[in-house]
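Visitor: structure, please.
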Amino acid sequence: MRIRAVPLGRLAPVALMLAAVLAAACPPAAAAPVPLFRLSDARLAEASGLAVGHRSPGVLYVQDDSGAGPQFYALDATTGAVRAVCTVPDARNVDWEDLATGPDRAGNWSVWLADIGDNRAVRSEVRIYRVPEPAVGSSSALTTGRPDVWRLRYPDGPHDAESLVADPVGRRLYVITKSLFGQSEVFEVPPRPDPNRVQPMVRVGSIRFTLTGTPGGPNPVGQLTATGASMAADGSLLAVRTYTDAYLWRVHGGRVAEALRGQPARLPLPAQPQGEGIAVADGALLVDSEGVDSPVYRVPLPASVLAQPSPRGPSSSPSPSSSLATGSPARSSPSATSAGAQAATPPTSSYRAWLVSTATVAAFAAVTLLARRRRRDR
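Guide: Below is the predicted model of the structure:
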């Protein structure tokens, strides 16, 4: 999805000043990204999701969110060359924004494709497709098996979303919405598809992002918007990214909703023009971006982050941390889900960042309205 930059006009210095204050207040911990390859194939100009192959080792999967067709691409994980174009029969690409790999409920390696993009928040139905993960060999053109299709709606009306989570332990799917104001909602997908009706998703949590000062993205609001998600193959780590940062939670026993109540670690990502894809792989994050010839980076996860015991307790807005969070001990009662759905008040340590975030978003919105009014007056 392309985002057109909005002229900041007279209020540009205000937004820039606020971003600078925030960067000074919350200096991000540096990571050492390593460029792996570039997405030089013109068909990947709007590469969005990113996932690691399991049935086909040495393969990364990406999909293009331009709506070109019901296809995803198998890339060589070393060179980035397209090894195969995988076509999904009986599927439609309205706005495929993410994809994920992992075992389905029967334990079969699968690829999930999330047709969940909705810039104007008008879609009454979104869809997720599941196909068996292909065995990528010498053929450059593959057709997957017929997909399972989830026809879905949100319980509170349409949302824009770009992030899909496939939990390999709990065998559940989650959709994370995208908001310009930093409040993303997390919805659980019904366990089985029903081709005869549109099923409601269930809200199980929320994530509050604040401005970080990390460079990258189309504008400062990109620091507040969720653009991709992934889980480790063993289900122990959940990663959600914005245009500029990754947020990490430790997960135990497939209890994703409980994990989201913990305080995440924030890992600044390398500056990308429109970074949307993320995959957890072998102690690192892999991240991509839209744009022809854009690099795919490997961002190592700090050893101190992975080794640090996870704190317990309710969560608030994500903030820089040297540790990963986990949920409290498992609870099977309905109260566990409802508690995980509550957004906490920002803690004192991040309250200033929260205020600056709110002020900057308000300034950006005011500039947008001013620009539109001027265009109407011409």
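Visitor: so what's L286 up against?
Guide: By C-beta atoms under 8 Å, 6 or more residues apart in numbering, the residues touching L286 are L36, L50, V52, L60, G277, I278, A279, V280, V296, Y297, R298, V299. Glycine gets a C-beta too; all of them are placed from N, C-alpha and C.
Visitor: ok, so of these, who is nearest V85?
Guide: Among the contacts of L286, L60 lies closest to V85 (C-beta to C-beta), at 14.0 Å.
Visitor: elements contacting the host helix or strand of the closest one?
Guide: Secondary structure from DSSP states H and E places L60 in strand 59-64. Packing contacts for strand 59-64, counted by 3 or more C-beta pairs under 8 Å, 6 or more residues apart in numbering; DSSP states H and E, involve strand 47-52, strand 71-76, strand 96-103.
Visitor: any chance of the ones you listed in a markdown table, plus mean pLDDT, mean neighbour count and distance to F187?
Guide: A markdown table is the format used below for the helices and strands packed on strand 59-64 (pLDDT from 0 to 100; neighbours: other C-beta atoms under 10 Å; distance: least, C-beta to C-beta, whole Å):
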| stretch | mean pLDDT | mean neighbour count | distance to F187 |
| --- | --- | --- | --- |
| strand 47-52 | 95 | 27 | 17 |
| strand 71-76 | 97 | 22 | 23 |
| strand 96-103 | 97 | 26 | 14 |
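Visitor: do you know which of those strands lies nearest P264?
Guide: Nearest to P264, of all those, is strand 96-103, at 18.9 Å by C-beta to C-beta.
Visitor: the closest one pairs with which strands?
Guide: strand 109-115 (antiparallel) (DSSP bridges).
Visitor: following the strand it pairs with, which helix or strand comes up?
Guide: Next along the chain after strand 109-115, taking DSSP H and E as the criterion, comes strand 126-132.
Visitor: quick one: strands adjacent to that following strand?
Guide: strand 109-115 (antiparallel), strand 148-153 (antiparallel).
Visitor: now the last one: how far from the chain's centre is it?
Guide: Offset of strand 148-153 from its chain centre (C-alpha atoms, centre = their mean, to the nearest Å): 19 Å.
Visitor: C-alpha coordinates for it, PDB please?
Guide: The C-alpha trace of strand 148-153 is given here as PDB (Å, rounded to 0.1, in the frame of the first residue of the first chain):
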ATOM      1  CA  ASP A 148      -9.400 -23.000   2.900                       C
ATOM      2  CA  VAL A 149     -11.200 -19.700   3.000                       C
ATOM      3  CA  TRP A 150     -12.100 -17.700   6.200                       C
ATOM      4  CA  ARG A 151     -14.700 -15.100   5.500                       C
ATOM      5  CA  LEU A 152     -14.400 -12.700   8.400                       C
ATOM      6  CA  ARG A 153     -15.800  -9.500   9.900                       C
END
